[in-house]
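> have a look; sequence and predicted model below, questions after that.
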Amino acid sequence: MTSLHKQLLAQMRSKVVHLEEENALLRQRFFGRKSEQTIDPAKLHAWMDKTLPQVTAQNALGKAIS
């Protein structure tokens, strides 16, 4: 293996390591945020029970559910 080949191989390995790190960061951002946005069904039900009596057909929520 020539010196040039060794240099190219080292550069490519460096790029692979960088891409793997970037991929891990992007996965963490995507899946981390997604998992933080999960809603507890019991909390959603309690919020709906409290909010729905206040909803009128004229406000934005009322228009969305009617």
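Sure thing, it's come through. Numbers count the residues shown, from 1 in each chain.
> where along the protein do the helices fall?
Using DSSP state H, the helices of the chain run over 3-36, 41-51, 60-65.
> just give me the neighbour total for residue 6.
For residue 6, the neighbour count with other C-beta atoms under 10 Å is 10. The way it works is simple: take the backbone N, C-alpha and C, and place the C-beta from them, glycine included.
> how about residue 61, what does it touch?
Contact analysis of residue 61 by C-beta atoms under 8 Å, 6 or more residues apart in numbering lists 51, 55.
> please tell me how far it sits from residue 51.
Distance, residue 61 to residue 51, using C-beta to C-beta, to the nearest Å: 7 Å.
> between those two, which contacts overlap?
Residues touching both residue 61 and residue 51 (C-beta under 8 Å, 6+ apart): there are none.
> before we move on, back to that, let me have the helices of the chain in a markdown table, extended by mean pLDDT.
A markdown table is the format used below for the helices of the chain (pLDDT from 0 to 100):
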| stretch | mean pLDDT |
| --- | --- |
| helix 3-36 | 86 |
| helix 41-51 | 85 |
| helix 60-65 | 76 |
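> centre-most residue in the protein?
Residue closest to the average C-alpha location in the chain (C-alpha atoms, centre = their mean): residue 30, at 2.9 Å.
> that residue and residue 39: what is the separation?
Residue 30 is 18 Å from residue 39, by C-beta to C-beta.
> do residue 4 as well
57 Å.
> and for residue 8?
Separation of residue 8 from residue 39 (C-beta to C-beta): 50 Å.
> more crowded one of those two?
Shown here are residue 8 and residue 39; by other C-beta under 10 Å, residue 8 has more neighbours (12 against 8).
> in contact with the more buried one, which residues?
Applying C-beta under 8 Å, 6+ apart, no residues qualify as near residue 8.
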